[in-house]
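J.: One predicted model, sequence on top.
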Amino acid sequence: MTDFVSLENISKIFGPNLTTGDRIASKLGARVETRSIHAVSNVSLSIEKGETIGLVGESGCGKSTLGRLIAGILSPSSGRIILDGGPVIRNGAKVTTRVQTVFQDPFASLDPRMKVGETVAEGPITHGLTTKSDARAYAALWFERVGLDPVWLDRYPHQFSGGQRQRIAIARALAMQPDVLVCDEPVASLDVSIQAQIINLFLELTRDLDLTTIFISHDLSVVQHVSDRIAIMYLGQIVELGPVDEVYENPAHPYTAALFGSVPKLVLDDDELVHFDTIEGEVPSPLSPPSGCFYHPRCPLADENCATVRPEMTGISNSRSVMCHNYQQQLTKD
Amino acid sequence: MTETALSVKNLATHFFTRTGVIKAVDDVSFDLAKGEIMGLVGESGSGKTVTGFSLLGLVDEPGRIVNGSIKLKGKELTTLSNAELRHLRGREISMIFQDPIATLNPVLTIGQQMRLALAAHERITARAAADRSADLLTKVGIPSARARMNAYPHEFSGGMRQRVAIAIALLHRPSVIIADEPTTALDVSIQAQILQQMRGLAAETGTALIWISHDLAVVSSLATKLAVMYAGRIVEQGPTAALLRNPQHPYTAGLIGSLPAMTKAGSPLKQIPGTTPSLLSLPSGCPFAPRCQRATEICQRAPEMVTHGDRGWRCFDPVGQIDEVTS
Amino acid sequence: MNRQDTPLTRFWHEFRENKIAVVALSVVVVLMLLALFASLVSPQNPYDLANLSLMDSRRPPGFVGSGGYIHLLGTDPQGRDLLSAIFYGLRISIQIGLAAGFVSLSIGAALGILAAYKGGRIESLIMRLVDLQLSFPAILLALVIVALLGQGKVQLISALVAAQYAYFARTAYGAAKAEKGKDYIEAAVATPLGSRLVVLRHLVPNCTPPLIVVATVQIANSISLEATLSFLGLGLPVTEPSLGMLISNGFPYMMSGRYWISVYPGIALIILIVAINIVGDQVRDQFNPRLRK
């Protein structure tokens, strides 16, 4: 198994960015935030070529930040990201076009003042994938690939529906002919009936173009449907990793189990009273994570060890790993 | 025979814009019993939010209710003046919005806002108001309610803010609460907590609840009956489980079928082709016909609601097992 | 989606709805045309000293002067036909207003966008300078610079630019900061696209709406400021009277009944400034609800 994309001990810290004024104020006793946010803490991950890995978690877990790190939009505070043997970022700037991104809000991710055809062709022209004279035909090709009529190349984003805009965003990403695609909540802002269309498009394209995909979503059912492996994140760390079916059937981390349990399911039985497996409390602030295991304050399996010792990522099997002291207890739960 | 909290008949709300008439809500009828939870399901443009606003009389120019009757505990709402409606809003019927930022005033503490909400409809001492507020805040799951009452909205998390909004909605023990996508913006674990809370609260206070959402699973876990909206009309309604198990309208069936849970992982999802029609130029017949695989010439006439017992649908050629419904 | 719907056509259609704004825009256009073709529509060239005769000075409206034609609005103390002087004065006012506006816009926008995009020390430096500038009254600043540089068109425009670029800088800074955080900029950077391309092709075009709003207001301000300076005698030389100077010339005669010398140029100035402001208001309102969307 060759690591096509390799994340080695990646951390991303967002500092408080104090100005001189803030520093003076803080010395004088004003309440100035001096703590940093550890958006991503020491994450390591190897992604195979052609696989789709789902990244799930709730707000503040760091999945979007991790996605941006992989995409080369942010540079890691420590650690490195290797894509097919080469770096994604060098000296704070992205040095490869082989990883592209599809963003959540299709309206916000398209320049409202540019014709969509120009938006799709801009990157390829700049990086020599096509020439100015061939640009239009090139963009038309990708338009058709995502199911859009090339006649619309001269329209502006506001003239399209949400689903169509997302197709344009996908076309823009694919027009760069990437090997890796980072999709950050690509269907979250779309209507349910359009979501199915975009998910199907996505499945078709990743298969045809042999794309390696990082699919970020808070919607577990969508992730389950499109991913080969799934990584669950909590407060900047990957707490569980493995093939999606196995993790779903038998979660090893108590948070994974609780997360899956919280998802409402379609009630098809008259007598069925839906029981919500609620997690107690709320996600702690990323400014002051708990000691030991980040999840211990909310975990039903927590003991004194969990409150003091930070767990390491432990391999359960060839393909599964978990960051929990008591994962065996979780696995043997009903 | 349970009391009817809300009875809506042939409600129509149209927006008269420069570019044309938008029939946001067109002929919507349903009944809501005391303490009942109904789910109003639809995608963007279906008219579900405008229906909610119409019930509260909150539709602004250029829109207005053009037809229909809304009876809240027998009292007709469409003929009331603004002043009379204000008297009822918050007291007999209230609303919870998707984004609690809209409901909560950022410069007032939670306690102050709740006292203001209480004082708007009744004479109450500050102390009694504080007691009642603290009581409700605890009920909706806010720890150390009394202390937290002195906090400002920005000091709460998204889930907590939404709970505060729910508490404010419940202050006067209204007969009906309209919740417009209240958990859509929240994390799934917080959503689960709130859903559980709402179920208990509705039962305890006897408040009827209309839960507006695009998420079938969320709505089905809470509501005892569902109404599915499309292009301003209710295209199907009935008891939750029976409707989801055996949908009659092709749109409902399409919505259920397109859920990822309904298809084997990795295989293409069963998608509904096309897009929702523009409300400015609706086809004259069934609005779903352009996207429906079963459409025939008969669908060029707008279908009326066909009822069988507690179920109804607007379709000439339903997809489900009718015998199961009518038997 | 059946016809070409550029942002410009959309803007124009919405603009057309407000009748008052359309009237105001027409007034501005008419005044600009009059100013542009001042030499053609004026009965007299007020700069040509040979044309003037002191015999015609301070004559009321309707007087037939030594040139043989009716002075519709009367004459000023130098014997100039007021109507002609107003047309030429309008030309100067509009020229200077536009020039000062354009240069302020360029300098201010460049500084503001640079500050927003680069951040850090450069941002602090530029914006503190801008803040400093904004805390001075515009007139004071303009006076100081004219006093330093002397009189003349270029000097005047420089003074106006110095007094006004800060507004553009601040507006551009705010707009650029807001746009910088948006997804489409992030998407452009992620391609990756170089900073120059991102700023010029994506950031600048999307920052123009608020800048256009500020520009309309500032052009009106420039005109007003220039008139003020001219009124105080610090504007252009006496031989090229702008509206401000005409007003100033006629000031001593206001109380003695020869009102026309000040009043008519004053009215022309007011009409120009008000019309520009109305157009500016409409432009601002149109950009606002869109931003709220």
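T.: Cool, the structure landed. These numbers were taken from a predicted model, which means no experiment stands behind them.

J.: In contact with C:Ile271, which residues are there?
T.: When contacts are counted by C-beta atoms under 8 Å, 6 or more residues apart in numbering or on different chains, C:Ile271 touches C:Val27, C:Leu31. Just so you know, the C-beta spots here come from the backbone N, C-alpha and C atoms, and that holds for glycine as well.

J.: Tell me if it really is in a helix.
T.: Yes. Assessed with DSSP: H, G, I helix; E, B strand; the rest coil, C:Ile271 lies in a helix.

J.: Would you quantify the distance from it to C:Val29?
T.: Note on C:Ile271: its distance to C:Val29, by C-beta to C-beta, to the nearest Å, is 13 Å.

J.: got it, and B:Glu43?
T.: Per C-beta to C-beta, B:Glu43 is found 47 Å from C:Val29.

J.: pLDDT weak spots in chain C?
T.: Counting by pLDDT under 70, chain C has low-confidence residues at C:1-5, C:289-293.

J.: That one against chain B: which residues are in contact?
T.: Taking C-beta under 8 Å from any C-beta of the partner chain as the contact definition, chain C meets chain B at C:Glu17.

J.: where does chain C come near chain A, residue by residue?
T.: Contact residues (C-beta under 8 Å from any C-beta) of chain C with chain A: C:1, C:4-7, C:124, C:182-184, C:186-194, C:197, C:201-202, C:205-206.

J.: what ranges do the helices span in the stretch 51-200 of chain C?
T.: Applying DSSP state H, counting those that start in this stretch to the stretch 51-200 of chain C gives helices spanning C:82-118, C:120-134, C:138-149, C:153-180, C:183-190, C:195-197.

J.: Work out the gap between the third one and the centre of the chain.
T.: Here the centre of mass of C-alpha atoms in helix C:138-149, compared against the chain's by C-alpha atoms, centre = their mean, to the nearest Å, lies 18 Å away.

J.: For it, name the packing helices and strands.
T.: Helices and strands touching helix C:138-149, by 3 or more C-beta pairs under 8 Å, 6 or more residues apart in numbering or on different chains; DSSP states H and E, are helix C:153-180, helix C:204-231.

J.: Okay, buried residues for the first one please.
T.: So the one you mean is helix C:153-180. Within helix C:153-180, the residues that count as buried by 16 or more other C-beta atoms under 10 Å in any protein chain shown are C:155-173, C:175-177, C:179-180.

J.: got it, and stretch C:64-72?
T.: C:Gly65, C:His71.

J.: so how far does that stretch reach from one end to the other?
T.: End-to-end distance of stretch C:64-72: 9 Å, with C-alpha to C-alpha, to the nearest Å as the criterion.

J.: What are the contacting residues of that stretch?
T.: Residues outside stretch C:64-72 that contact it (C-beta under 8 Å, 6+ apart) are C:43-44, C:51, C:53, C:55-56, C:59, C:61-63, C:75, C:79, C:81-83.

J.: that's a strand at B:Gln237, yeah?
T.: Yes. Using three-state DSSP, the assignment for B:Gln237 is a strand.

J.: Could you list the domains of chain B?
T.: B:4-92+B:173-326, B:107-171 (automatic domain parsing).

J.: Tabulate the ones you listed in CSV, adding columns for mean neighbour count and distance to chain A.
T.: Below are the domains of chain B laid out as CSV (neighbours: other C-beta atoms under 10 Å in any protein chain shown; distance: least, C-beta to the nearest C-beta, whole Å):
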stretch, mean neighbour count, distance to chain A
domain B:4-92+B:173-326, 19, 4
domain B:107-171, 18, 6
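
J.: Tabulate those domains in a markdown table, adding columns for mean pLDDT and distance to A:Leu259.
T.: Listed next are the domains of chain B as a markdown table, based on pLDDT from 0 to 100; distance: least, C-beta to C-beta, whole Å:
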| stretch | mean pLDDT | distance to A:Leu259 |
| --- | --- | --- |
| domain B:4-92+B:173-326 | 90 | 7 |
| domain B:107-171 | 91 | 15 |
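
J.: burial of A:Gln224, as a residue count?
T.: Counted with other C-beta atoms under 10 Å in any protein chain shown, residues neighbouring A:Gln224 total 22.

J.: could you list every residue that touches it?
T.: For A:Gln224, the contacting residues are A:Gly54, A:Ile230, A:Val244, A:Tyr248, B:Pro260, B:Ala265, by C-beta under 8 Å, 6+ apart.

J.: immediately after the helix or strand it falls within, which helix or strand?
T.: Assigned by DSSP states H and E, A:Gln224 belongs to helix A:220-226. Later in the chain than helix A:220-226, the nearest helix or strand by DSSP H and E is strand A:229-234.

J.: Show residues contacting that next one.
T.: Strand A:229-234 is contacted by residues A:45, A:51-58, A:61-63, A:66, A:223-224, A:238-244, A:247-248, A:253, A:255-256, A:259, A:283, A:294-295, A:319 when judged by C-beta under 8 Å, 6+ apart.

J.: Please name the strands paired to that strand in the sheet, noting orientation.
T.: Applying DSSP bridges, strand A:229-234 is found paired with strand A:52-56 (parallel), strand A:237-243 (antiparallel).

J.: List of residues touching the shortest one?
T.: To tie it back to what came earlier, the one meant is strand A:52-56. A:45, A:47, A:63, A:66-67, A:206, A:212-218, A:220, A:223-224, A:226-233, A:244, A:259.

J.: What strand or helix carries the closest residue to B:Gln191 other than its chain neighbours?
T.: Nearest non-adjacent residue to B:Gln191, counting by C-beta to C-beta, 6 or more residues apart in numbering or on different chains: B:Thr183, 4.1 Å away. Assigned by DSSP H and E, B:Thr183 belongs to no helix or strand.

J.: isn't B:Thr183 right up against B:Leu195?
T.: Yes. B:Thr183 lies in contact with B:Leu195 (C-beta atoms under 8 Å); the separation is 6.8 Å.

J.: Overlap in contacts, these two.
T.: Residues within reach of B:Thr183 and of B:Leu195 at once, by C-beta under 8 Å, 6+ apart, are B:Val218.

J.: quick one on the thing from earlier: can you say which of the contacts of strand A:229-234 are buried?
T.: Buried subset of the contacts of strand A:229-234 (neighbour count, 16+ other C-beta under 10 Å): A:45, A:51-58, A:61-63, A:66, A:223-224, A:238-244, A:247-248, A:253, A:255-256, A:259, A:283, A:294-295.

J.: Run through the bridge partners of the spatially most central residue of chain B.
T.: The residue lying closest to the centre of chain B (C-alpha atoms, centre = their mean) is B:Ile212, at 2.8 Å. With DSSP bridges as the criterion, B:Ile212 is bridged to B:Leu40, B:Asp180.
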